[in-house]
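**Q** just coords:
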């Protein structure tokens, strides 16, 4: 704050096209980007959609641009060097977008040491939440890796963002009640609507 929404949207569109040349700020996409811009700027106007103290979980069907949106906003925050506050200390709102299956594979290969970085990063975006295997085995023990990550980040009061192709009801069925409760504690749930971006770019779809 302060910022101008029309200028912010123009910047978002330029960033989007730099990452994906076919990017188009459709009316459906614009409505979500407006909300994201409010959140990233700490605009009190966001609070009709959630809480500024929580991160964002961007949900919606496959191909609607959720992961791209998180990457766009990761670049956007660099322009104004946007900061956020935890326990009286300011941090840069800088984050990586990490596929949850990559995190699970890191655990399979290296155990808890392989995923420790995801428990301690001040800000992190968990991409494609819900697509990972529910449990993996490590030395005979079954571990729900992403549930563990969510619980650790909740405990440490770290900023967590995410995307998911699944509706909230499906996530509530996949994860146990304790993890679901923590998800409600760290996320604002937003839904990105629209047609599959990849299918819109197909010029001659098969009949």
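**A** The structure has been received and is ready for your questions. Keep in mind the model is a prediction, meaning the values are calculated, not measured. Numbering: from 1, shown residues only.

**Q** from here on, contacts and neighbour counts on C-alpha atoms
**A** OK.

**Q** From residue 185, how far off is the residue nearest in space to the middle of the chain?
**A** Central residue of the chain (Cα atoms, centre = their mean): residue 162, 2.3 Å from the mean position. Look at residue 162 and residue 185: by Cα to Cα, to the nearest Å, they are 13 Å apart.

**Q** Pop out the phi and psi values for the residue nearest to residue 70 when sequence neighbours are not counted.
**A** Leaving aside its sequence neighbours, residue 70 sits nearest to residue 97 (Cα to Cα, 6 or more residues apart in numbering; 7.2 Å). For residue 97, the backbone dihedrals (degrees, to the nearest 10) come out as phi -100, psi 110.

**Q** Residue 97: neighbouring residues, count only.
**A** Residues within reach of residue 97, counting by other Cα atoms under 10 Å, total 19.

**Q** In contact with residue 173, which residues are there?
**A** Under the criterion of Cα atoms under 8 Å, 6 or more residues apart in numbering, residue 173 has no contact partners.

**Q** any idea how far residue 16 is from it?
**A** From residue 173 over to residue 16 the distance is 34 Å, taken as Cα to Cα.

**Q** Same check on residue 1?
**A** Distance, residue 1 to residue 16, using Cα to Cα: 22 Å.

**Q** Kindly report the same for residue 117.
**A** Between residue 117 and residue 16 the computed distance is 28 Å (Cα to Cα).

**Q** Excluding sequence neighbours, find me the nearest residue to residue 11.
**A** residue 76 (7.5 Å).

**Q** Could you check stretch 13-27 and say which residues are buried?
**A** 13, 14, 15, 16, 23, 25 (16 or more other Cα atoms under 10 Å).

**Q** Next: stretch 30-43.
**A** Buried positions in stretch 30-43, judged by neighbour count with 16+ other Cα under 10 Å: 30, 32-43.

**Q** between the residues you listed, which is nearest residue 126?
**A** Proximity of these to residue 126 (Cα to Cα) peaks at residue 36, which lies at 16.4 Å.

**Q** So which elements touch the longest helix seen in the chain?
**A** Ordering each helix of the chain by length in residues (DSSP state H) puts helix 100-120 first. When contacts are defined as 3 or more Cα pairs under 8 Å, 6 or more residues apart in numbering; DSSP states H and E, helix 100-120 sits against strand 123-127, strand 136-138, helix 145-156.

**Q** Quick one: mean pLDDT over the last one.
**A** In this model, helix 145-156 has a mean pLDDT of 96.

**Q** Run through the chain and note the low-pLDDT ranges.
**A** Counting by pLDDT under 70, the chain contains low-confidence residues at 137-140, 194-207.

**Q** which residue ranges form the helices in it?
**A** Using DSSP H, the helices of the chain run over residues 5-19, 27-40, 66-79, 100-120, 145-156, 168-174, 177-186, 197-200.
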